[in-house]
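**Q** Next one to model:
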Amino acid sequence: MTNQRRNALKKLFASVAGTVGLGLFAKAETAAPTSPKSTEKEVFNVVDDQDVPLFSGATKFNGMVFIAGKGAHFEGDIKAHTDHVLKELEKELLKAGSSMEKVLKVNVYLDDIKDYKAMNEVYKGRFGNKPPVRTTVAVAKGGVPGDSLVEMDCIAYV
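**A** Next up, the predicted model:
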């Protein structure tokens, strides 16, 4: 599993470097794509704004899956919101052909940093024995969109 994550990270860095024209990781991606599908971006759950595509709920490209931020838009405490958000991430990952165990990176946005410990109580163990890297921040005034107490996004491999 460690080699899979390492190779997936190399692909991610190579695609990011190639996109911005840096070429820093050119050796990581020297082989041609294995199938025509790997060069086409797939999008899921596109959100429109006045009939114009605004963003996708998930994007799949070159063996990588990018899941947009998920929040919890109901009354409840941080534990209920965290559980809901993690279940929503898992649903999106499964739809895209991935899983929680294949997540490489998670971003967590808390409405209040005081919820950090309680969020961790629900979060721990949800990504298997080898958890992904994670960044956790408390958002500025105004909060997480939709009055959610937490929002999370992630990057995984297929």
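**Q** Identify the neighbouring strands of the host helix or strand of residue 151 in the sheet and state each direction.
**A** Using DSSP states H and E, residue 151 falls within strand 150-157. Sheet pairing for strand 150-157, assigned by DSSP bridges, gives strand 64-71 (antiparallel), strand 103-110 (antiparallel).
**Q** Go ahead and list the helix or strand containing residue 122.
**A** Applying DSSP H and E as the criterion places residue 122 in helix 116-123.
**Q** what helices or strands is that helix leaning on?
**A** Applying 3 or more CB pairs under 8 Å, 6 or more residues apart in numbering; DSSP states H and E, we find helix 116-123 packed against helix 78-95, strand 103-110. Every residue, glycine included, has its C-beta placed from N, CA and C.
**Q** ok so, going back, the strand holding residue 151 vs helix 78-95, what angle?
**A** The directions of strand 150-157 and helix 78-95 differ by 30 degrees, with axes from the mean of the first three to the mean of the last three CA atoms, to 10 degrees as the criterion.
**Q** Send me strand 150-157 as CSV with only the CA atoms.
**A** Only the C-alpha atoms of strand 150-157 are listed here, as CSV (Å, rounded to 0.1, in the frame of the first residue of the first chain):
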residue,chain,number,x,y,z
VAL,A,150,-16.8,21.3,9.4
GLU,A,151,-16.0,20.9,5.7
MET,A,152,-13.6,18.4,4.2
ASP,A,153,-12.1,17.7,0.7
CYS,A,154,-9.7,15.1,-0.3
ILE,A,155,-7.4,13.6,-3.0
ALA,A,156,-7.1,9.9,-3.5
TYR,A,157,-5.9,7.4,-6.1
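**Q** pLDDT (mean, whole number) over it?
**A** Averaging pLDDT along strand 150-157 gives 98.
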